[in-house]
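Trainee: kindly generate the corresponding structure for this input.
(2 chains)
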Amino acid sequence: MRIHPPTENHRTEVTMVPMVNVVFLLLIFFMLVGRIAPNDSLDISLPVSSSEQAQSDELTQIVIAADGRMVLNGDELDMPALIGVVTDMVTEESTTRFELKADANLEANRLILVMEVLRQAGVQELALVTERVR
Amino acid sequence: MELTGYRQRNGSNVEETTRRRRSLVILTPLVDVVFILLVFFMLAANFSDQRVIDMLTPAAAKEAAEADSIGVVLIRVGRNGMLNISGLPTTPVRLAQEVAVRSVGDIEYSYLVQPDRGVSLQEVVSVVDLLKSSGARSVSLTRRPGS
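Mentor: Here you go, the predicted model:
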């Protein structure tokens, strides 16, 4: 009779260890596989492509929603404001590579207009963010 | 079994038992923290497989086009999937063939993709994809003059 409590205690300790192991494995899995990225302030569904080119680490992303609203560094900007901010970034921080994260339903000519404006502001490299087909 | 249990409780091994209990207690906050980390990474992780397509900026493309205008091919993308290569209507399959044929020769062709008004980005990206997978190296987007 006296022995029961210690045995039970022992048993719970034993079942705890594999659980902690599994939790650790899950933790490591999510840390390695998941990519932590800042949330887009706009709701974007990326265009699908079969491009193999990986994203660069330094993300200077301009997010463009389907209705044409634009966000850079968390601030929603209209076209003149965007030109100002981008020009500052090019001259002061010498950022030359920008990634455009545009909605798949955005009118293509609108995106090209933004690209032209960026080019005039001094941007050298532009890349379009897409999602890989599964 | 009975004997050891009895001895542990009442015998000389009291210290060992307390140590054991203590190690059991220390495990709980650790597991708590690990769980919190796990939940954080599960929620914060982004699993969508994002890629990029490098784009020449339109003006740069125009300069490149003017530099040797012999190798410039204009592809118009209309609504409802209509395609036009150098003014002639075409289909995606034929477009891929033509680009593949051109990519074999000596002249380095550059392709200007010109979407009509109302064409969505997805349609343009699909065309750019098609061009690149058929061997085109220089693809850029351009607007229709005046649009």
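Trainee: helices of chain A, start to end?
Mentor: A:4-33, A:79-92, A:108-120 (DSSP state H).
Trainee: which non-adjacent residue is nearest B:Asp116?
Mentor: Distances taken as Cβ to Cβ, 6 or more residues apart in numbering or on different chains place B:Gly78 nearest to B:Asp116, at 4.7 Å, with adjacent residues excluded. (C-beta placed from N, C-alpha, C; glycine too.)
Trainee: Throw the helices of chain A into CSV and include mean pLDDT and mean neighbour count, thanks.
Mentor: Converted to CSV, those look like this (pLDDT from 0 to 100; neighbours: other Cβ atoms under 10 Å in any protein chain shown):
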stretch, mean pLDDT, mean neighbour count
helix A:4-33, 74, 12
helix A:79-92, 87, 14
helix A:108-120, 87, 20
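Trainee: of all those, which lies closest to B:Phe40?
Mentor: Between B:Phe40 and the helices of chain A, the shortest gap by Cβ to Cβ is with helix A:4-33, which sits at 8.8 Å.
Trainee: rewinding a little: so the residue nearest to B:Asp116 sits right up against B:Ser120, yeah?
Mentor: No - counting by Cβ atoms under 8 Å, B:Gly78 does not reach B:Ser120; the two are 12.0 Å apart.
Trainee: more crowded one of these two?
Mentor: Set B:Gly78 next to B:Ser120 and count neighbours by other Cβ atoms under 10 Å in any protein chain shown: B:Ser120 wins out with 20 against 16.
Trainee: who does that one form a beta bridge with?
Mentor: Beta bridges link B:Ser120 to A:Glu107, judged by DSSP bridges.
Trainee: quick one, what contacts it?
Mentor: Residues in contact with B:Ser120 (Cβ atoms under 8 Å, 6 or more residues apart in numbering or on different chains) are A:Ala104, A:Asn105, A:Leu106, A:Glu107, A:Ala108.
Trainee: that concludes my questions; thank you for your assistance.
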